[in-house]
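> Below: sequence and its predicted model.
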Amino acid sequence: MNQEKLMNLLLAPRITEKSTMVGEKHQQYVFKVLKSATKPQIRQAVELMFKVEVESVQVANVKGKSKVFKQAVGKRSDWKKAYVKLKPGFEINYMGT
């Protein structure tokens with residue numbers, strides 16, 4: 001897969017209370033990725049963008065919530081979440097400091 005496609009694979013880091021707890025306990029980082037992304041592609045994208053070595057990747061498909069707005073029922077989009085574990089000695093700093 002070419003580098004341009006890999007750069008667009010990771011949509012955003014998921015910085016939530018739950019992902020922070022997982023990160024501290026299991027040394028994992030959580031990203032929102034394209035629904036079509038595979039584990040090897042996610043591994044390549046993280047290694048390319050952050051210059052780290054990835055130990056493992058786990059993915060979860062997240063179902064969108066049903067919402068009601070002014071008596072109209074709608075649904076948020078489904079999305080995919082990736083849990084990335086780095087090899088010892090590597091870390092990702094989201095803030096760039």
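Okay, I see it.

> Could you give the number of residues near residue 81?
In terms of burial, residue 81 registers 15 neighbours under the definition other Cβ atoms under 10 Å. Heads up, the C-betas are built off the backbone N, CA and C, glycines and all.

> taking the mean pLDDT, what do you get for the lengthiest helix in the chain?
Longest among the helix segments of the chain by residue count, using DSSP state H, is helix 39-50. Throughout helix 39-50, pLDDT has a mean value of 94.

> And that helix, what does it pack against?
Contact partners of helix 39-50 among helices and strands, from 3 or more Cβ pairs under 8 Å, 6 or more residues apart in numbering; DSSP states H and E: helix 3-7, strand 10-13, strand 28-33, strand 54-62, strand 79-86.

> buried stuff in it?
By neighbour count, with 16 or more other Cβ atoms under 10 Å as the criterion, the buried positions of helix 39-50 are 41, 42, 43, 44, 45, 46, 47, 50.

> chain center to it, what's the gap?
Helix 39-50 sits 10 Å away from the centroid of its parent chain (Cα atoms, centre = their mean, to the nearest Å).

> From residue 65, how far off is the residue located most distally from the centre of the chain?
Taking Cα atoms, centre = their mean as the measure, the residue most remote from the mean C-alpha position of the chain is residue 71, 33.2 Å away. For residue 71, the distance to residue 65 equals 17 Å [Cβ to Cβ, to the nearest Å].

> before we move on, the earlier item: would you turn the helices and strands packed on helix 39-50 into a markdown table with mean pLDDT and distance to residue 22?
Listed next are the helices and strands packed on helix 39-50 as a markdown table, based on pLDDT from 0 to 100; distance: least, Cβ to Cβ, whole Å:
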| stretch | mean pLDDT | distance to residue 22 |
| --- | --- | --- |
| helix 3-7 | 88 | 24 |
| strand 10-13 | 92 | 13 |
| strand 28-33 | 95 | 5 |
| strand 54-62 | 96 | 10 |
| strand 79-86 | 96 | 7 |
